[in-house]
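Asks: Sequence plus the predicted model coming up.
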Amino acid sequence: MCKEKVVERFRELQRKLKEVYPDVDVALCELLGRRWSFVEGGSSNLSPFVKRIKVIERFGISIFYENSQDNLKEIIDFIRGYFNGDFFKEITK
């Protein structure tokens, strides 16, 4: 699995997510056993950590969002959509 491709995809996700949900910050994390190691991104303000979601085998996204219950399911679906389907098949070749 190519880490560079995952980071590139994450940056694209960050840009699109800010357009739709400007109050949401995300961080890409590499999963090292039970540890979530930050790779890129994070909260630019004091937004509280809300949720972690595993998006592909070795990577997950940490979500920072003040209004933690507002639109959370929509936000999670939006993020998962960026790492499903053709993208997953491409990076696991």
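Replies: On my side now, so go ahead.

Asks: Work out which residue lies at the spatial centre of this structure.
Replies: Nearest to the mean C-alpha position of the chain, counting by Cα atoms, centre = their mean, stands residue 61 at 3.2 Å.

Asks: Quickly list what that one is bridged to.
Replies: Taking DSSP bridges as the rule, residue 61 bridges to residue 28, residue 53.

Asks: give the contact list for it.
Replies: 10, 13, 26, 27, 28, 29, 52, 53, 55, 79 (Cβ atoms under 8 Å, 6 or more residues apart in numbering). (C-beta placed from N, C-alpha, C; glycine too.)

Asks: Any quick ChimeraX command for the buried ones out of the residues you listed?
Replies: To isolate the buried members of the contacts of residue 61 in ChimeraX, using 16 or more other Cβ atoms under 10 Å:
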select :10,13,26,27,28,29,55,79
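
Asks: Could you identify the most distant pair in the contacts of residue 61?
Replies: 13 and 52 (15.1 Å; Cβ to Cβ).

Asks: all helices in the chain, in order from the N-terminus.
Replies: With DSSP state H, the ranges of helices along the chain come out as 3-20, 72-82, 86-91.

Asks: pLDDT (mean, whole number) over the last one?
Replies: The reference is to helix 86-91. Mean pLDDT, helix 86-91: 52.

Asks: again with the longest one
Replies: Along helix 3-20, the predicted confidence averages to a pLDDT of 92.

Asks: List the buried residues for it?
Replies: Buried residues in helix 3-20, counted by 16+ other Cβ under 10 Å: 6, 7, 9, 10, 13, 14, 17.

Asks: can you put these in CSV and add distance to residue 42?
Replies: Formatted as CSV, the buried residues of helix 3-20 follow (distance: Cβ to Cβ, whole Å):
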residue, distance to residue 42
6, 16
7, 14
9, 17
10, 12
13, 14
14, 10
17, 13
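
Asks: From residue 26, how far off is residue 3?
Replies: In this view, residue 3 and residue 26 are 17 Å apart by Cβ to Cβ, to the nearest Å.

Asks: Ignore what I typed, I meant residue 62.
Replies: To residue 26, residue 62 is 7 Å away according to Cβ to Cβ.

Asks: Thanks a lot, catch you later.
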